[in-house]
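In: Sequence first, then the predicted structure:
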Amino acid sequence: MENANLTDLTDSSVEPGLARAPTGITGLDQIIGGGLPQGRVTLVAGSAGAGKTLLGLQFLVAGARERGEPGVLVTFEESAAKVADNVRSLGFDLDGLQRDGMLVILSFQVNPTEIVAAGEFDFEPLFASLGEAIGRVGAKRVVLDTIEVLFGVFGDDSIVRAELSRLARWLEDRGVTAIVTGERGDKTLTRTGIEEYVSDCVIVLDHRVREGISTRRLRVIKYRGSAHGTNEYPFYISPRGFVVLPITSITLDYGAPEERISTGIARLDHMLGGGVYRSSAILVSGTAGTGKTSLGASLVDAACQRGERVLWVLFEESPEQVLRNMRSIGLDLRPWVDAGLLRIWAARPAAFGLETHLALLAQLIDETGPSLAVLDGIDSFSHGSSASDVTSMMARQLDLLKARGITILATALDHGGETSMMDVSSLVDVWLLLRNVESNGERNRLLFVLKSRGTAHSNQVREFVLTGHGIELIDVSVGPAGVLTGSARLAQQAAERDAEVRRIDELGQQRREVRRSISEREAHLATLQHELAREREELGQIDLREHHQAADADADQLAMATQRWADAAHNDGGNR
């Protein structure tokens, strides 16, 4: 399969003057820029059972129903009644269209005695019948299925090709848009190589089976006067008819919303910097039994609680089994199913080819309109398919969902390493790894955030515990033996609590001793301060007595001097 290429897009490269006839097959019209070349011949080649007849019939029915363009079907292998019966289950009421004058079915039986005139190859009987039918309803569309039957009995390919070229000119002269179907050849697109002689557009349908799995693909080989998608595109035949997915043309131009949404696990949201960005792709990988589906269920429940629609695709379990199992961890998702918010679809990967799974996913998205899609067990696709095919399919699934603004969570089985067995880890925005660890006779789960684009995130491991009330993330204990989980973590935590109690007791004892010492010293200090104050008071009293004594002595001396009429006292008196 060719890789997607930006130049494969036809929206901006279509010839503005080239008239087109829409096929009514949305994906096909997108690939070929709006429809088949109007008024010209298109060859649809493919092996038996590839879907050639159905494509032609849908082209006629869509023209009649949607554009009011009558059509003519010429079948060379089946009767008109058989053709109508074959497509009635798809909702194609060919009998009703015939009654309304919008469709004519000609069952043109090959009879060499009537077709060969005078020993020469001649399409005149076909021209006569087809011309009458076109004129009767005013047909704008014609399908010839399968035209190679006409000349299967003849050996001169050059004459046959000349007649086919004349048929193509005859159809173009009448202004009808025609589809001619042909069987694939070994070395050519058709058995007789008619593609170069009758068509302006060539579409090849491929129905291949590998290891028991059927896959259908479509490719536009030629479209004169117009650019077109050149990749192989998956298609499948659904209850609605022919469905083509132009998924390989998806470009990397989808938006990057700033809004974050919750995973439903508060501590995981914190580890991811506040949750995951809306429209991002999340991969949850881990060994069997690590809780990948449970983590997806938590995200589903959180989205439904916000009133959002969710599509949950299961590849390993039935919907009822998952609903029952999730109740064991406190997640009752049945009410969301009953409310129409949760659509669960399950199928084994081996039930369909990779392209059909891709097509069915697109159909489920159209029917559900989800804001979140969970793809549970994508590693199952690796059984029976090559790694490159699976990776290519998963890349297109992610692009399909992202292009529609849908948040994606995919779960995948690995073998305990930090590698993705499907090489999709580089395509996702967030990668969560769940791992089982065995120690002390028990197994416990750990969660790692290996990758989270555009946001800071925790690099610390957490123990991932499934409880009866949901998922819990618990800080691991780190002891002398390393990271401890489960019972070892509980024992370590108990030992740490005991050690903490002992430490607190020791600190309390030390605190009491220090306080007692402080009390004793404070009491001693109070005694000293009391004695100091008393001694200071005594010193003050001594100073006061000394002052009084000095004053009394002076007074006594003066009194005695006065009594004796001492010279000093007399002179002092004289001086006065």
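Out: Yes, it's here. Numbers count the residues shown, from 1 in each chain.
In: From residue 253, how far off is residue 341?
Out: Distance, residue 341 to residue 253, by Cβ to Cβ, to the nearest Å: 30 Å. Yep, even glycine has a C-beta here, placed from its N, CA and C like the rest.
In: So what's the residue count around residue 425?
Out: When neighbours are defined as other Cβ atoms under 10 Å, residue 425 has 18 of them.
In: what does residue 65 give?
Out: 14.
In: Could you pull up phi and psi at residue 431?
Out: With angles defined as degrees, to the nearest 10, residue 431 sits at phi -130, psi 120.
In: Oh, that last question was meant for residue 378, not what I typed.
Out: Dihedral angles for residue 378 - degrees, to the nearest 10 - are phi -70, psi -20.
In: burial of it, as a residue count?
Out: 23.
In: quick one: contacts for it?
Out: 315, 394, 410, 411, 412, 422, 424 (Cβ atoms under 8 Å, 6 or more residues apart in numbering).
In: tell me the secondary structure for the fourth one?
Out: Of the three states, residue 411 takes strand according to DSSP: H, G, I helix; E, B strand; the rest coil.
In: that older thread, single out whichever of the contacts of residue 378 has the smallest pLDDT.
Out: Ranked by pLDDT, the contacts of residue 378 bottom out at residue 422 (57).
In: Helix or strand: which one has residue 136?
Out: helix 124-137 (DSSP states H and E).
In: Tell me how far that helix lies from the chain's centre.
Out: Relative to its chain's centre, helix 124-137 lies at 52 Å (Cα atoms, centre = their mean, to the nearest Å).
In: Okay, buried residues for that helix please.
Out: Under the neighbour-count criterion of 16 or more other Cβ atoms under 10 Å, helix 124-137 has 126, 130, 133, 134, 137 buried.
In: I'd like those residues as TSV, with pLDDT and distance to residue 335 appended.
Out: Below are the buried residues of helix 124-137 laid out as TSV (pLDDT from 0 to 100; distance: Cβ to Cβ, whole Å):
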residue	pLDDT	distance to residue 335
126	82	63
130	92	60
133	94	57
134	94	58
137	95	54
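In: Would you list the phi and psi of the residue nearest to residue 455 when sequence neighbours are not counted?
Out: Take residue 455 and drop its neighbours on the chain: the residue closest to it by Cβ to Cβ, 6 or more residues apart in numbering is residue 273, 4.1 Å away. Main-chain dihedrals, residue 273, degrees, to the nearest 10: phi 80, psi 20.
In: Verify the stated contact: residue 273 with residue 454.
Out: No: counting by Cβ atoms under 8 Å, residue 273 stays clear of residue 454, with 9.1 Å between them.
In: Regarding the protein, what is its longest helix?
Out: helix 486-564 (DSSP state H).
In: name the helices or strands packed onto it?
Out: Under the contact criterion of 3 or more Cβ pairs under 8 Å, 6 or more residues apart in numbering; DSSP states H and E, helix 486-564 touches strand 442-452, strand 477-479, helix 567-575.
In: For the next helix or strand after the first one, which outside residues touch it?
Out: So that's strand 442-452. With elements assigned by DSSP H and E, the helix or strand that comes after strand 442-452 is strand 462-467. Contact partners of strand 462-467, identified using Cβ under 8 Å, 6+ apart, comprise 267, 271, 290-291, 294, 329-330, 434, 444-447, 471-476, 485-486, 489.
In: Note down every partner strand of strand 462-467 and its orientation.
Out: strand 442-452 (antiparallel), strand 470-475 (antiparallel) (DSSP bridges).
In: Please save the CA atoms from that strand in PDB.
Out: The C-alpha trace of strand 462-467 is given here as PDB (Å, rounded to 0.1, in the frame of the first residue of the first chain):
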ATOM      1  CA  ARG A 462       2.800   5.000  41.700                       C
ATOM      2  CA  GLU A 463       1.200   1.700  42.900                       C
ATOM      3  CA  PHE A 464      -1.900   1.000  40.900                       C
ATOM      4  CA  VAL A 465      -4.600  -0.500  43.100                       C
ATOM      5  CA  LEU A 466      -8.000  -1.800  42.000                       C
ATOM      6  CA  THR A 467     -10.500  -1.400  44.800                       C
END
